[in-house]
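Engineer: 3D, please:
(one chain, ligands or ions: 1)
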Amino acid sequence: MTRILMVCLGNICRSPLAHGILQSQISNQNFHIDSAGTGAYHIGNPPDPRSISVAKKYGLDISNQKARQFKAEDFDAFDIIYAMDKSNYDNIIKLARTKDDVKKVKLFLDENPLVSDKNVPDPYYGGEDGFETVYNLVANTCKLIVKKLNLAQ
Ligand code: 4NP
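Structural biologist: Sure thing, here's the model as predicted:
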């Protein structure tokens, strides 16, 4: 069983997309995907309507997801913790209790050699086009993750 957690700041824009997209690309049952935010602002809320909308455009329903905050116990519950940007990475690392916890945390875009800026841009304060950009960036990177981890079988 491979357990993967996607983490951004609010858990309403980027990580719900990463969660839904990776889940949709995996065909075997031997995995568990979830998402969380380092901030507490949106706990209990559904994804941002613009994330729901861009996902729907690509045939994906993420409307049932609910935001939650990242907690230290997530280091026990997951094998890989992907941070959507460097600031989220730093905030996750602050909660690490052991070297093994630290080892589980990765920058999501480090899995994509085609992009040089390793931060998934925060689309919250921008327009719809930002959500389209995030969707494509995340979908392309998830494909590379599926290949790397052999999750397609
Ligand atoms: P996310 O986007 O981290 O991709 O979910 C944000 C959502 C909310 C806020 C910031 C970023 N906020 O400041 O409320």
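
Engineer: who's in contact with the longest helix seen in the chain?
Structural biologist: Counting residues, the longest helix in the chain under DSSP state H turns out to be helix 128-149. Applying C-beta atoms under 8 Å, 6 or more residues apart in numbering, the contact partners of helix 128-149 are 2, 13-14, 17-18, 21-22, 25-26, 48, 50-51, 53-55, 58, 108-109, 111-112, 114-115, 120-121, 123, 151-152. C-beta: built from backbone N, CA, C; applies to glycine.

Engineer: Same check on stretch 113-126?
Structural biologist: So stretch 113-126 is contacted by 8-10, 12-14, 18, 48, 50, 84-87, 107-110, 130-131, 133-134, 137-138, 140-141 (C-beta under 8 Å, 6+ apart).

Engineer: hang on, the earlier thing: ok now the longest helix of the chain, how far from the chain's centre?
Structural biologist: Averaged C-alpha coordinates place helix 128-149 at 10 Å from its chain's average position (C-alpha atoms, centre = their mean, to the nearest Å).

Engineer: Kindly format the C-alpha coordinates of that helix as CSV.
Structural biologist: Extracted C-alpha coordinates of helix 128-149, given in CSV (Å, rounded to 0.1, in the frame of the first residue of the first chain):
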residue,chain,number,x,y,z
GLU,A,128,-9.7,31.4,-13.9
ASP,A,129,-6.6,31.1,-16.1
GLY,A,130,-4.4,30.5,-13.1
PHE,A,131,-6.5,27.4,-12.2
GLU,A,132,-6.1,26.1,-15.8
THR,A,133,-2.3,26.5,-15.5
VAL,A,134,-2.3,24.7,-12.1
TYR,A,135,-4.5,21.9,-13.5
ASN,A,136,-2.1,21.2,-16.4
LEU,A,137,1.0,21.5,-14.4
VAL,A,138,-0.4,19.2,-11.8
ALA,A,139,-1.8,16.7,-14.3
ASN,A,140,1.6,16.5,-16.2
THR,A,141,3.5,16.0,-13.0
CYS,A,142,1.1,13.4,-11.6
LYS,A,143,1.7,11.4,-14.8
LEU,A,144,5.4,11.3,-14.1
ILE,A,145,4.7,10.3,-10.5
VAL,A,146,2.4,7.4,-11.6
LYS,A,147,5.2,6.2,-13.9
LYS,A,148,7.9,6.5,-11.3
LEU,A,149,6.0,4.7,-8.6
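
Engineer: Cool, thanks, signing off.
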